[in-house]
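Undergrad: how would this look folded up:
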Amino acid sequence: MREPKPKAEKPAPEPKRRNRAVSMSDALTGMLDPMFKKRGFASRDILANWPVIAPAPYNEVAIPDRLSWPRGERSAEGATLYLRCVPGHALAIAHDGPAIAAAVNRYFGYVLIDQIRLSPAPFTRHSGEEEHKASQPSQSDIAKVGAAVAAVEDEGLREALRHLGLALSSRPARNGK
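TA: Predicted structure coming up:
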């Protein structure tokens with residue numbers, strides 16, 4: 001009897017090369033989808049359009065956290081949307097949950113959300129941004145910068161350099177540099 005020939009393994013296809021600039025959303029599309037699916041969202045529409053979907057003031061004080069679909073019930077319509085909210089707005093969101101659910105359903109054109117619940121995870125507006133407090137430069141820094149730019153003849157350039165020098169002198173010192 002003849003032995004079967006071993007099948008030649010096909011090499012993995014090369015990834016599609018893009019010899020052009022690609023927007024950040026196009027580059028991240030495939031990477032973010034598994035994270036959205038893990039949180040119960042079929043697409044990123046509800047997150048991306050939340051400021052338009054949610055009624056005021058909930059579009060600013062709350063954000064969708066996850067979507068929980070009912071298990072085992074084929075006839076059940078609508079999922080539970082868990083919202084993260086700014087402290088102090090939880091009672092109002094719990095009270096106006098049906099209105100928020102109606103706004104989401106109206107946006108999508110079908111019953112997507114059955115009820116709204118609060119997520120235990122906190123949410124604060126602009127939580128990723130750092131607050132920069134401008135400190136006032138000392139009199140010695142003002143004098144040093146003024147003396148350094150005094151020789152510049154152009155008044156506009158001198159003022160811009162003075163402003164830059166004062167901003168740099170008021171920065172906190174970095175360790176090791």
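Undergrad: burial measure for Asp96, as a count.
TA: Burial measure for Asp96: 17 neighbouring residues, criterion other C-beta atoms under 10 Å. Just so you know, the C-beta spots here come from the backbone N, C-alpha and C atoms, and that holds for glycine as well.
Undergrad: meant to ask about Asp33
TA: 14.
Undergrad: how far away is it from Val52?
TA: Look at Asp33 and Val52: by C-beta to C-beta, to the nearest Å, they are 21 Å apart.
Undergrad: go on, Leu28?
TA: Relative to Val52, and taking C-beta to C-beta, Leu28 is found at 21 Å.
Undergrad: ditto for Ala121
TA: Distance of Ala121 to Val52, given as C-beta to C-beta: 23 Å.
Undergrad: Also Ser43?
TA: Ser43 is 15 Å from Val52, by C-beta to C-beta.
Undergrad: my guess is Ala147 is in a helix, correct?
TA: Yes: judged by DSSP: H, G, I helix; E, B strand; the rest coil, Ala147 forms part of a helix.
Undergrad: Can you pull out the low-pLDDT segments for the protein?
TA: Low-confidence segments of the chain, defined by pLDDT under 70: 1-9, 12-18, 29-30, 73-76, 124-135, 172-177.
Undergrad: Now with 80, please.
TA: 1-44, 72-77, 122-136, 170-177 (pLDDT under 80).
Undergrad: how does it divide up, domain by domain?
TA: 32-118, 139-169 (automatic domain parsing).
Undergrad: Run the chain-centre distance for the longest one.
TA: Centre-to-centre, domain 32-118 and its host chain are 17 Å apart (C-alpha atoms, centre = their mean, to the nearest Å).
Undergrad: end-to-end on that domain?
TA: Domain 32-118 has its terminal residues 24 Å apart, counting by C-alpha to C-alpha, to the nearest Å.
Undergrad: same thing with stretch 122-139?
TA: Termini of stretch 122-139 sit 43 Å apart (C-alpha to C-alpha).
Undergrad: I am finished for the moment; much appreciated.
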